[in-house]
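J.: Sequence plus predicted model, see below.
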Amino acid sequence: MAQSVQSDSGRSIVHTERVGRVKYTYYDDGVVKITRYKAKKKIYWGRIFAALCMLMILMMGFIQLGKSLKKAVKGSRTEIQVNNSMPEFVMSGSDNTTQTSASGTPDDAEVRAEAEKGQLYSNMNIRVCIDPGHGDYDTGTVAGDGIVEAEQNLEISLLIRDYLESCGVVVTMTRESDVSVSLSDRCSIANENGCDFFVSMHRNSVSDTSSDYSGIEAWVNNKAPEYDTALAQNILTKLDEAGVSDDHGVKYGYRDMPGNNYQVNMDTVMPSCLLELGFVTSEQDNELFLNKKQKYAEAVGNAIIETAIQLGVISESGERLLSGQLISEGKNNVYITDAYAKSGELKFVTGINDAGNDPQR
């Protein structure tokens, strides 16, 4: 059907029609304009997507191949180094085995790892008894803010155990959970396991909770045995270095009754001490305990090891120098006989000073 449409040139379009890709435009002056259109290209999106996927797979394959080649080269180099410098195993004592390099010197990574956790020793061939005070129904002191002494005694004792064991020390625990253990059994556990040192962990308290009394102290047998005193003093010194509110020093006997003894310092045959690690009634000591538990554990552990070296039980490398169990000859329950000097058989008695036994210690 013809239509008259005014064009830009002044002519009128009479009729248009399209045949295929050709358009015919008829004007009123008889002119016919022919317009040819190019064919539209069809886009095959599926094929494009598939090609992109294949390209990505190939790229990932090349990347993985590069990683595998790099790893293979690195692995071959490591194998050569190991074959040229095989590590040796050094045995010191019957219970401990430590691996070192052929030169006997730890590599930089090992040194950094030891320094990060504060560990100074390894392969220390001694046996130590750690005694977490109280337990179960015997809670010890319960502070106004809900701190239970027995729980904190166990908490710090387990940290000490873990640290000592990381140093190669054989550790005997009188308890490892919230259970009740009699004072006699605590002493027997240490004696019968041939421990070289005994440390009983406690936290202190005062009846006047409004006071700001704080600090640490260590109690030793009232005979002031040389070995026991050295152990207690070394522990306090190391704790001072870790940071405490105050240091009340080494004390002897039994609080307010110096003629008596705490049973754990009376019926154990090895050097022993009862450590009061701050006051549960002191806000300052509680904050220190909370923030320095690991440092305190390492301080106690290092002090025990240093005492063992000082007393000639082991060498600085941890090699056992003493053939038998370390005995505190200054205690009044220990009788050293000629037979012990020859065979290592020890005779001792317990309960000499029952009046001095503290049911909470």
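T.: That came through fine.

J.: which SSE is Thr172 in?
T.: Using DSSP states H and E, Thr172 falls within strand 170-173.

J.: gap between the helix or strand just after that strand and the chain center?
T.: Using DSSP H and E, the helix or strand that follows strand 170-173 in sequence is helix 183-192. Distance, stretch centre to chain centre, for helix 183-192: 28 Å (CA atoms, centre = their mean, to the nearest Å).

J.: same for the helix or strand just after helix 183-192, what does it pack against?
T.: Note on helix 183-192: by DSSP H and E, the next helix or strand toward the C-terminus is strand 197-204. Secondary-structure packing of strand 197-204 (3 or more CB pairs under 8 Å, 6 or more residues apart in numbering; DSSP states H and E): strand 127-132, helix 149-166, helix 226-242, strand 272-279, helix 283-310. The way it works is simple: take the backbone N, C-alpha and C, and place the C-beta from them, glycine included.

J.: Within the sheet, what are the partner strands of strand 197-204, with directions?
T.: Looking at strand 197-204 with DSSP bridges, its partner strands are strand 127-132 (parallel), strand 272-279 (parallel).

J.: okay if I get those strands as a markdown table plus mean neighbour count and mean pLDDT?
T.: Output for those, formatted as a markdown table (neighbours: other CB atoms under 10 Å; pLDDT from 0 to 100):
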| stretch | mean neighbour count | mean pLDDT |
| --- | --- | --- |
| strand 127-132 | 26 | 98 |
| strand 272-279 | 26 | 98 |
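
J.: Including distance to Ile156, could those go into a markdown table?
T.: Output for the strands paired with strand 197-204, formatted as a markdown table (distance: least, CB to CB, whole Å):
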| stretch | distance to Ile156 |
| --- | --- |
| strand 127-132 | 8 |
| strand 272-279 | 6 |
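
J.: just so I know, which of the ones you listed lies nearest Ile147?
T.: With CB to CB as the criterion, Ile147 lies closest to strand 272-279 of the strands paired with strand 197-204, at 10.3 Å.

J.: now the closest one and helix 226-242, what's the angle there?
T.: Put simply, strand 272-279 runs at 30 degrees to helix 226-242, going by axes from the mean of the first three to the mean of the last three CA atoms, to 10 degrees.

J.: Is Val142 in contact with Val148, as I believe?
T.: Yes. Taking contacts as CB atoms under 8 Å, Val142 lies within contact range of Val148: 5.3 Å.
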